[in-house]
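# test case, fold it:
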Amino acid sequence: MGRDTIADIITSIRNADMDRKVTVRIASTNITENIVKILFTGRFYRKREETSGKQQIFFGGMGIVILSTSRGIMTDREARLERIGGEILCYI
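Numbers count the residues shown, from 1 in each chain. As a prediction, this is how the structure comes out:
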């Protein structure tokens with residue numbers, strides 16, 4: 001079985017939030033890069049640092065829905081503006 005990268009990211013963020021931590025480290029892959037870019041543009045986090053294949057995220061934002069669409073990974077707001085549908089990857 002393979003790893004569920006998206007679930008790992010969400011779980012790491014949720015656990016860090018519950019522990020009231022301001023940072024979390026996640027593995028650096030193409031899909032995590034896309035999700036982190038969405039979180040950054042949605043102002044879910046304030047700053048990102050990358051060292052030795054790991055990303056460090058500093059929190060500070062509100063909830064967001066991330067979709068996988070025919071035009072790539074995007075937020076629900078972006079998909080509505082472009083009038084396209086997709087599969088929900090996660091709620092944050």
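# who are the neighbours in contact with the most centrally placed residue in the chain?
Centre of the chain computed as the mean C-alpha position; nearest residue by CA atoms, centre = their mean is I35, 3.6 Å away. In this structure, I35 makes contact with I6, I9, I66, I73, L89, C90, judged by CB atoms under 8 Å, 6 or more residues apart in numbering. The way it works is simple: take the backbone N, C-alpha and C, and place the C-beta from them, glycine included.
# farthest-apart pair in these, please.
Longest distance between any two of the contacts of I35 is 12.0 Å, between I9 and I73; criterion CB to CB.
# give me the more crowded residue out of these two.
Neighbours per residue, other CB atoms under 10 Å: of I9 and I73, the larger number sits with I9, 25 against 19.
# give me the element the more buried one is part of.
helix 5-18 (DSSP states H and E).
# for the protein, which spans come out with low pLDDT?
Screening the chain residue by residue with the criterion pLDDT under 70, one finds the ranges 1-2, 42-51, 53-63.
# if we can go back for a sec, ok, the contacts of I35 vs A16, which is closest?
Distance to A16 across those (CB to CB) is lowest for I9, with 10.9 Å.
# right, and the closest one touches N34 too?
No - applying CB atoms under 8 Å, one finds I9 not in contact with N34, separated by 10.7 Å.
# on that earlier part again, name the strands paired with the helix or strand that the helix holding I9 is followed by and say parallel or antiparallel.
Past helix 5-18, further along toward the C-terminus, the next helix or strand under DSSP H and E is strand 23-27. Under the criterion DSSP bridges, strand 23-27 sits next to strand 54-59 (antiparallel) in its sheet.
# ok, the nearest residue to T69 once chain neighbours are set aside to T11 distance?
Spatially, and ignoring its direct neighbours in sequence, T69 is nearest to G86 (3.4 Å; CB to CB, 6 or more residues apart in numbering). As judged by CB to CB, to the nearest Å, G86 and T11 stand 22 Å apart.
# comparing these two, which residue is more hemmed in?
Remark: of G86 and T11, G86 carries more neighbours, 17 against 13, as counted by other CB under 10 Å.
# appreciated, that's everything.
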